[in-house]
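>>> Pasted the sequence and its predicted model underneath.
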Amino acid sequence: MRLILLGPPGAGKGTQAQRLVQKYGIVQLSTGEMLRAAVAAQTPVGLQAKDIMASGSLVPDEIVIGIISDRLDQPDMKNGFILDGFPRTVPQAAALDDLLKKKHIKLDAVIELRVNESALLNRVETRVAEMQARGEEVRIDDTPEVLSKRLASYRSMTEPLIHYYSERRKLATVDGMMTIEQVTREINRILAAVGAVEPRAVPARKARGAARRTARPAGKKAAKTAKKAVKQARKAAKPASKASKGAKKVGKTAGRKAASPVRGRGAGTAKKATKKAVRKAAKKVTKKRAKR
């Protein structure tokens, strides 16, 4: 997974980045930390950055890109990364694209956490007031005034990245004003949709429950259909049963009538007459039923 999180200060990028790191075992890349690590390791790029940082100047983009390039070659990057604090400008984004292309690394998604700036300022004001009420020291960079300046800087320098990545079909926007859990779920959904992570497997117990719920309606329907078929079969069988009973009744009567005048002629003649009378009576009943 290779991911960039965008959003103004206070949008919750750091919180979501840590959750992704813990869940997927990827590395969060902070340009500040990478610069300090490169300086400490005294790499060629780190030594260049050291003198610039010591003078209080901003480190040029090409040096930052060089440090990122070295970091991407480390073994712990095999599972992926989240870039934190870079890119901040469109030229940096273009340079990063060139670097990833050279290394044959695909950027999976750029997720923007969109927030309401007024709400962010209100949050800071509330937090500062609560800290002062408890007698705690307020950090110099954690005030509404400082946040206002950082938001203005974000709008002028970083916000154009939204258009840049949108044109390249890499951008996905999440409502950063939702709860932390809701934002996390939405980010995971996006990552699964773009193929950055495997879709979450359904637990076996839940799968069996879903199968039973699906099977129940089908079972009820099948039982209802079978019951209906049995009723129809019974209904269809009634006329035939009545016909059979009627034929037997008529046959018996005819047999008695046929037997009375031939008592003296023997049992064989009487039996033949009885059978003939039964067949004739049965045919009459069947014809009547068919006409009906």
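All right, it came through fine.

>>> next one: phi and psi at Val138?
phi -90, psi 130 (degrees, to the nearest 10).

>>> Let me see the mean pLDDT of stretch 67-81.
The average pLDDT within stretch 67-81 is 91.

>>> Over to stretch 22-42?
What stretch 22-42 shows for mean pLDDT is 88.

>>> now do the same end-to-end measure for that stretch.
Stretch 22-42 stretches 30 Å from its first residue to its last (C-alpha to C-alpha, to the nearest Å).

>>> least trustworthy helix or strand in the chain by mean pLDDT?
helix 204-259 (a mean of 55; mean pLDDT, DSSP states H and E).

>>> which residue ranges form the helices in the protein?
With helices called from DSSP state H, the chain shows them at 13-24, 31-41, 44-54, 61-72, 90-102, 117-133, 144-153, 160-167, 180-193, 204-259, 267-291.

>>> Please save the CA atoms from the shortest one in CSV.
This points to helix 160-167. As requested, C-alpha coordinates have been extracted for helix 160-167 and formatted as CSV (Å, rounded to 0.1, in the frame of the first residue of the first chain):
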residue,chain,number,x,y,z
PRO,A,160,-3.8,22.9,-5.3
LEU,A,161,-2.7,19.3,-4.8
ILE,A,162,-6.4,18.3,-4.6
HIS,A,163,-6.9,19.4,-8.2
TYR,A,164,-3.5,17.9,-9.3
TYR,A,165,-4.3,14.4,-8.0
SER,A,166,-8.0,14.6,-9.0
GLU,A,167,-6.9,15.0,-12.6
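
>>> on contacts alone, who are the packing partners of it?
strand 2-6, helix 90-102, strand 109-114 (3 or more C-beta pairs under 8 Å, 6 or more residues apart in numbering; DSSP states H and E). Every residue, glycine included, has its C-beta placed from N, CA and C.

>>> just the fourth one next, same as before
In terms of contacts (3+ C-beta pairs under 8 Å, 6+ apart), helix 61-72 is packed against helix 31-41, helix 44-54, helix 90-102.

>>> Recalculate using a threshold of 10 Å.
Contact here means 3 or more C-beta pairs under 10 Å, 6 or more residues apart in numbering; DSSP states H and E; on that basis helix 61-72 packs against strand 27-30, helix 31-41, helix 44-54, strand 81-84, helix 90-102.

>>> and this protein, what are its domains?
2-26+79-200, 205-291 (automatic domain parsing).

>>> can you tell me which of these the model trusts least?
Here the lowest mean pLDDT among those goes to domain 205-291, at a mean of 56.

>>> so what's the nearest residue to Ile140 once chain neighbours are set aside up against?
Nearest non-adjacent residue to Ile140, counting by C-beta to C-beta, 6 or more residues apart in numbering: Val146, 7.2 Å away. Contact criterion C-beta atoms under 10 Å, 6 or more residues apart in numbering gives 9, 124, 139-140 as the residues in contact with Val146.

>>> Now tabulate those residues in a markdown table and tack on distance to Phe81.
What follows is the contacts of Val146, written out as a markdown table (distance: C-beta to C-beta, whole Å):
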| residue | distance to Phe81 |
| --- | --- |
| Pro9 | 21 |
| Val124 | 29 |
| Arg139 | 28 |
| Ile140 | 31 |
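
>>> Mind checking which of those residues are buried?
Buried members of the contacts of Val146, counted by 16 or more other C-beta atoms under 10 Å: 9, 124.

>>> and which of the contacts of Val146 is nearest to Asp175?
In terms of C-beta to C-beta, no member of the contacts of Val146 lies closer to Asp175 than Pro9, at 17.3 Å.

>>> For the closest residue to Gly14 other than its chain neighbours, the count of nearby residues, please.
Using C-beta to C-beta, 6+ apart and skipping the chain neighbours, the partner closest in space to Gly14 is Asp84 (7.2 Å). Applying other C-beta atoms under 10 Å, we find 18 residues neighbouring Asp84.

>>> try Lys101
So Lys101, with other C-beta under 10 Å, has 11 neighbours.

>>> Distance of it relative to Ala95?
With the distance defined as C-beta to C-beta, to the nearest Å, Lys101 ends up 11 Å from Ala95.

>>> Likewise for Ile187?
For Ile187 relative to Ala95 (C-beta to C-beta), the value is 26 Å.

>>> Who has more neighbours out of the two?
Neighbour count, other C-beta under 10 Å: between Ile187 and Ala95, Ile187 has more, with 21 against 18.
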